[in-house]
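S.K.: Just need the structure, nothing else, for what follows:
(one chain, ligands or ions: 2)
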Amino acid sequence: MNVKPDFSKHGNKAETAPAFLSVWDLHAYYGESYIVQGISFNVHEGEILALLGRNGAGKTTTLRSIARMDNPQVNKGEIWLDHQPLHKMASYQASIAGLGLVPEDRRIIAGLTVEENLQLAQIAPPVGWSLDRLYQLFPRLGERRKQEGVTLSGGEQQMLAIARALARDIKVLLLDEPYEGLAPVIVDEIEKTLRIVKEQGMTTIIVEQNAVRALQLADRAVILDTGSIVFDGTAAEVLENEKLRAEYLAI
Ligand SMILES: Nc1ncnc2c1ncn2[C@@H]1O[C@H](COP(=O)(O)OP(=O)(O)O)[C@@H](O)[C@H]1O
Ligand SMILES: [Mg+2]
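M.R.: Ligands and ions are numbered 1, 2, ... in the order given. So this is what the prediction gives:
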């Protein structure tokens, strides 16, 4: 049986309820390189957390650690999702437990149509959002459902990658630089969609180089610098703090 973690040890300010996703004292390496150096943070159910920091700060490594990918190697720390100990799981188990990682390179499967990419995600129960509901969320995908996924524009491929995560029954959406390389008008469209997904109750972590856009969307922000957390607070606090923005986000 899974044991409810003791969230009091996090020492976070004003924690009143146990977090939905909780990362405690996480350390991660690539071989000898010590990258994530003992980070702890919480994400509450239904909120959007922006995970920010300069290039190389350790954002992708943190997402990959939470998703239990083989690389990096996590040698210490606990990750709890809705009372399930992710740190004891392999990546496929974490995926079944409710993690939906949308990697930076999107991983659309070549040779499959839009619809087949989505159906593949629904092969194993429990199934998440239905195709109808996904096409309502992303009308462009509905229009192109018979088209091969890899022939879509960058923005549409990003939409497909997000839709594919939602096609499984996930509890947390992990987005790695979803806006990268996309025109502002497409970013607007994806941002609007992520707001709708939040309204439906989804919990999201967004990693973005476009920090201003991410902060406009997010409730809270965690800023990483060389593998350590230098800020944990509201998105509004970051937007108001010129020093923080200049020092860690170059905005
Ligand atoms: N597969 C890897 N092998 C070795 N080092 C890596 C690997 N991936 C990333 N790194 C290093 O880990 C650090 C953090 O990288 P990353 O988590 O990708 O940063 P971010 O996503 O914040 O830009 C960087 O110094 C990067 O060079
Ligand atoms: Mg990255």
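
S.K.: which SSE is Leu134 in?
M.R.: helix 131-137 (DSSP states H and E).

S.K.: Then Val185?
M.R.: Using DSSP H and E, Val185 falls in helix 184-199.

S.K.: List the buried residues in the helix or strand that that helix is followed by.
M.R.: With elements assigned by DSSP H and E, the helix or strand that comes after helix 184-199 is strand 203-207. By neighbour count on 16 or more other Cβ atoms under 10 Å, the buried set for strand 203-207 is Thr203, Thr204, Ile205, Ile206, Val207. For every residue, glycine as well, the C-beta is placed using N, CA and C.

S.K.: Let me know the closest of these to Phe138.
M.R.: The shortest approach to Phe138 among the buried residues of strand 203-207 belongs to Thr204, at 16.0 Å (Cβ to Cβ).

S.K.: where does that closest one land on pLDDT?
M.R.: Looking at Thr204, its pLDDT is 98.

S.K.: likewise Leu217?
M.R.: pLDDT, Leu217: 98.

S.K.: would you list every one of the strands in the chain?
M.R.: Secondary structure of the chain, counting by DSSP state E: strands at 21-30, 33-43, 48-52, 73-81, 84-85, 99-102, 172-176, 203-207, 220-225, 228-234.

S.K.: Which elements pack onto the shortest one?
M.R.: For strand 84-85, the contact count by 3 or more Cβ pairs under 8 Å, 6 or more residues apart in numbering; DSSP states H and E identifies no helix or strand as a packing neighbour.

S.K.: any chance of the strands of the chain in a markdown table, plus distance to Leu112?
M.R.: A markdown table is the format used below for the strands of the chain (distance: least, Cβ to Cβ, whole Å):
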| stretch | distance to Leu112 |
| --- | --- |
| strand 21-30 | 30 |
| strand 33-43 | 32 |
| strand 48-52 | 30 |
| strand 73-81 | 29 |
| strand 84-85 | 30 |
| strand 99-102 | 17 |
| strand 172-176 | 22 |
| strand 203-207 | 26 |
| strand 220-225 | 35 |
| strand 228-234 | 39 |
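
S.K.: Just the buried positions in stretch 99-119, please.
M.R.: Leu99, Gly100, Leu101, Val102, Pro103, Arg106, Ile108, Thr113, Val114, Glu115, Asn117, Leu118.

S.K.: pLDDT below threshold where in the chain?
M.R.: 1-18 (pLDDT under 70).

S.K.: in it, what residue sits furthest out from the centroid?
M.R.: Lys146 (27.8 Å; Cα atoms, centre = their mean).

S.K.: which residues touch the helix holding Leu134?
M.R.: 115, 118-119, 129, 141-142, 145, 163, 166-167, 193, 196-197 (Cβ atoms under 8 Å, 6 or more residues apart in numbering).
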